[in-house]
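Participant: My questions are about this predicted structure, shown below with the sequence.
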Amino acid sequence: MAITLDTTIEEVIENFEFLGDWEEKFTYLIELGKKLPALSDKDMIEQYRVQGCQASVWLRVIPKKNDIYEIYADSDAFIVKGLIVVLLLIYNYKTAKQILDTDSSKIFEQLGLDKHLSPTRRNGLHSMVSRIKALANDSITKVS
Amino acid sequence: MTQGLDPTEKIKDWKSIRDDFPILNKEINGHQLVYLDNAASSQKPQVVIDAIRKHYEDNNANVHRGIHELSNRATETYEASRRRVAKYLNAARPEEVIFTRGTTESINLVAHSWGQSNICAGDTILLTEMEHHSNLVPWQIMAKRIGAKLEFISVTGDDGLLDLTDLDEKLDRAKILAFTHFSNTLGSINPVKELCQRARKAEVVSLVDAAQSAGHTTIDVQEIDCDFLAFSGHKICGPTGIGVLYGKKEQLEEMPPYQGGGEMISKVEYLESTFNVIPHKFEAGTPNIAGAAGLHTAIDYIDRIGLSAIFKHDQHLANQTVKRLQEIDGIRIFGPDNQRSAVVSFVLQDAHALDLATMADQKGIAIRAGHHCNQPLLTKLGVPSTARASFNFYNTESEVDRFIEVIQQVQKMFV
Ligand SMILES: Cc1ncc(COP(=O)(O)O)c(C=O)c1O
């Protein structure tokens, strides 16, 4: 079953502007994370695990018709689940070209969450973005 | 030229000790820093920072090489630090102290050098289930290369104790017992003297990983009677990049060199070389002289406060923390009930350790979340990660309060 989230990245950005301190943002992110459907057990396997030392992230990217990518992801940490929702809003159901053309770090910066995407955080998110981009890149180089 | 601190100077009270550490006054994410990640690395007092600067400003040159004044000063700085470490550990001789990059390199040195000449195919290396990866992976690599086996002393469970019931049988099969003194994940204090003595009785060589204990309790290598002991400067208020391997003279003299290069040779020909005496045999290349200067001062500083006072202070804060955490619903605390070191590891039902650490960070509180380089142990305990608060002598009760407040707050967010 495909992941549908009843919100958009524009809505999230807008909501963030109204949130005051970090605690409110944190609470909102956790709420967002709760919208994330859990991955099935058969997907929570080593093959789909993204390396993160502080939390685990599982990621499965399935190419669909018309060069669209369906992304499934989950984490054991709530804050990471919330951040995954933001990433899905950015990258899910996009074409390889759209994925490569979108700079999620810009959006995270706008949300004031950029440090959570940093490779030094080792929460798995940076590796998640790298893996999605690498898959998109592979498909484009294969076609051309 | 003088090295180290005036030993007659008295320590101040616990609160004003904080003024010695410039970083402790800093704000992080808009809050006064509460640094509770001391098991990962400690903060540095101004005197240590000054000692490193002074070395570069006044005494910098290479060691053991020149006859000029600066080279002599650098050599004296470096060797004075070695003598200071020897005294700190109560080693019988300064040449039993080898400078390394840290605990990790010290253990690798023993695994390579001692292992190469003492471990054969089929031999057993005895470790415990609570070892840091740096006292596990070097042995795995060595065992694989030689065809040796690893065996483990079990951890009984959440209480973080070692199950010593079958120790004698395990020692009968082993060539070396390598174990941690204080656990970086559980806060357990292992019976170091008993373990080393039982190893010796069984004619098994012993290596103590003192990374977590060296700056937190008195260590007397002659009393413990271990063959090897390793620690890192950066965890005892010294700089990064310098650490120590203590080894008994009889062991070190028999061991082949670890790395080749300058300093470690006595005569070199194109096809063959003869090696320098200990400790230089194990210190190839230009060493970390400024690091040694910093470590010397750090040890002086710690001794001035006193290791038994530090141990009591750590334990008080850790016990306080455990007591307060126990009041929180859905908490699972690891480690022994009584004999606990400066480390408190726990998980909160529903919230992931990373959630706790991220929230704490926003409040300027530095704690660790993760597997603490102890993956197999956490797998055994059935948790992917824990949150860990770890203390040092500059931490205070009011910092414990601030930490507990955040945990309470996060707990409410997740129910
Ligand atoms: C018990 C233990 N052993 C070894 C190490 C490794 O120390 P270093 O990284 O300084 O070499 C650590 C550091 O976390 C430790 O806690």
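Facilitator: All right, it came through fine.
Participant: quick one, strands of the stretch 101-250 of chain B?
Facilitator: Ranges of strands in the stretch 101-250 of chain B, per DSSP state E, counting those that start in this stretch, are B:124-128, B:149-153, B:174-180, B:205-209, B:228-232, B:243-247.
Participant: Can you lay out those as a markdown table showing mean neighbour count, distance to chain A and mean pLDDT?
Facilitator: The C-beta positions use only the backbone N, C-alpha and C, and glycine is treated the same way. Shown next, in a markdown table, are those (neighbours: other C-beta atoms under 10 Å in any protein chain shown; distance: least, C-beta to the nearest C-beta, whole Å; pLDDT from 0 to 100):
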| stretch | mean neighbour count | distance to chain A | mean pLDDT |
| --- | --- | --- | --- |
| strand B:124-128 | 23 | 22 | 98 |
| strand B:149-153 | 16 | 23 | 98 |
| strand B:174-180 | 25 | 20 | 98 |
| strand B:205-209 | 26 | 21 | 98 |
| strand B:228-232 | 28 | 20 | 98 |
| strand B:243-247 | 28 | 22 | 98 |
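Participant: Count the residues that sit near the closest residue to B:A148 other than its chain neighbours.
Facilitator: Leaving out its chain neighbours, the residue that sits closest to B:A148 by C-beta to C-beta, 6 or more residues apart in numbering or on different chains is B:D123, at 4.6 Å. Residues lying near B:D123 (other C-beta atoms under 10 Å in any protein chain shown) number 17.
Participant: Tell me where chain A is predicted with low confidence.
Facilitator: In the predicted model of chain A, residues A:1-4, A:52-53, A:117-122, A:143-144 satisfy pLDDT under 70.
Participant: er, chain B I mean
Facilitator: Ranges of chain B meeting pLDDT under 70: B:1-3, B:10-12.
Participant: do you know how far the residue nearest to B:A148 is from chain A?
Facilitator: Distance, B:D123 to chain A, using C-beta to the nearest C-beta, to the nearest Å: 32 Å.
Participant: check contacts around that residue.
Facilitator: Taking C-beta atoms under 8 Å, 6 or more residues apart in numbering or on different chains as the contact definition, B:D123 lies against B:I146, B:A148, B:K149, B:K175.
Participant: Go through those residues and name the one nearest B:N90.
Facilitator: Among the contacts of B:D123, B:K175 lies closest to B:N90 (C-beta to C-beta), at 26.3 Å.
Participant: Tell me which stretches of chain A form helices.
Facilitator: In chain A, the segments counted as helices under DSSP state H are A:9-18, A:22-34, A:78-91, A:96-101, A:104-110, A:125-143.
Participant: ok, the residue of chain A found nearest chain B - contacts?
Facilitator: Of all residues in chain A, A:A77 sits closest to chain B, at 3.5 Å by C-beta to the nearest C-beta. By C-beta under 8 Å, 6+ apart, the contact list for A:A77 reads A:Q54, A:A55, A:N123, B:H352, B:A353, B:L354, B:D355.
Participant: picking up where we left off before, quick check on the residue nearest to B:A148: phi, psi?
Facilitator: phi -70, psi 160 (degrees, to the nearest 10).
Participant: Now do the residue of chain A closest to chain B against the ligand, distance only.
Facilitator: 22 Å (C-beta to the nearest ligand atom, to the nearest Å).
Participant: again, but for B:P138
Facilitator: Going from B:P138 to the ligand by C-beta to the nearest ligand atom gives 11 Å.
Participant: Leaving aside the residues adjacent along the chain, what's closest to that residue?
Facilitator: B:A111 is the one closest to B:P138 (C-beta to C-beta, 6+ apart), at 4.0 Å.
Participant: how many other residues sit next to that neighbour?
Facilitator: Count around B:A111 with other C-beta under 10 Å applied: 25.
Participant: That one and B:W139 touch, don't they?
Facilitator: Yes. With contact defined as C-beta atoms under 8 Å, B:A111 counts as touching B:W139 (5.7 Å).
Participant: for chain B, what are the nearby residues on chain A?
Facilitator: Within chain A, the positions near chain B by C-beta under 8 Å from any C-beta of the partner chain are A:22-23, A:26-27, A:30, A:53-56, A:75-80, A:116, A:123.
Participant: one more time with 6 Å, if that's ok
Facilitator: A:W22, A:C53, A:Q54, A:A55, A:D76, A:A77, A:F78, A:I79 (C-beta under 6 Å from any C-beta of the partner chain).
Participant: now the helices for the stretch 201-350 of chain B?
Facilitator: Using DSSP state H, counting those that start in this stretch, the helices of the stretch 201-350 of chain B run over B:221-224, B:249-254, B:289-305, B:307-326.
Participant: Burial-wise, tell me which of those helices comes out on top.
Facilitator: helix B:289-305 (a mean of 25; mean count of other C-beta atoms under 10 Å in any protein chain shown).
Participant: Strand B:228-232 and that helix, what's the angle between them?
Facilitator: Counting by axes from the mean of the first three to the mean of the last three C-alpha atoms, to 10 degrees, helix B:289-305 points 100 degrees away from the direction of strand B:228-232.
Participant: Now helix B:289-305 - C-alpha only, PDB.
Facilitator: In PDB, the C-alpha atoms belonging to helix B:289-305 read as follows (Å, rounded to 0.1, in the frame of the first residue of the first chain):
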ATOM      1  CA  ILE B 289      54.900  15.900  22.600                       C
ATOM      2  CA  ALA B 290      52.400  18.700  23.200                       C
ATOM      3  CA  GLY B 291      49.900  16.000  24.100                       C
ATOM      4  CA  ALA B 292      52.300  14.500  26.600                       C
ATOM      5  CA  ALA B 293      52.700  18.000  28.100                       C
ATOM      6  CA  GLY B 294      49.000  18.400  28.400                       C
ATOM      7  CA  LEU B 295      48.500  14.900  29.900                       C
ATOM      8  CA  HIS B 296      51.200  15.600  32.500                       C
ATOM      9  CA  THR B 297      49.300  18.700  33.700                       C
ATOM     10  CA  ALA B 298      45.900  17.000  33.500                       C
ATOM     11  CA  ILE B 299      47.200  14.200  35.900                       C
ATOM     12  CA  ASP B 300      48.600  16.900  38.200                       C
ATOM     13  CA  TYR B 301      45.300  18.600  38.200                       C
ATOM     14  CA  ILE B 302      43.300  15.500  38.900                       C
ATOM     15  CA  ASP B 303      45.600  14.400  41.600                       C
ATOM     16  CA  ARG B 304      45.300  17.800  43.200                       C
ATOM     17  CA  ILE B 305      41.500  17.200  43.500                       C
END
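Participant: Remind me what that helix packs against, helices and strands.
Facilitator: helix B:46-54, helix B:69-89 (3 or more C-beta pairs under 6 Å, 6 or more residues apart in numbering or on different chains; DSSP states H and E).
Participant: Please repeat the previous calculation with a cut-off of 10 Å.
Facilitator: Contact partners of helix B:289-305 among helices and strands, from 3 or more C-beta pairs under 10 Å, 6 or more residues apart in numbering or on different chains; DSSP states H and E: helix B:14-17, helix B:46-54, helix B:69-89, strand B:97-100, strand B:243-247, helix B:307-326.
Participant: if we compare those, which one ends up closest to the ligand?
Facilitator: Shortest distance between the ligand and the helices and strands packed on helix B:289-305, using C-beta to the nearest ligand atom, is found for strand B:243-247: 6.2 Å.
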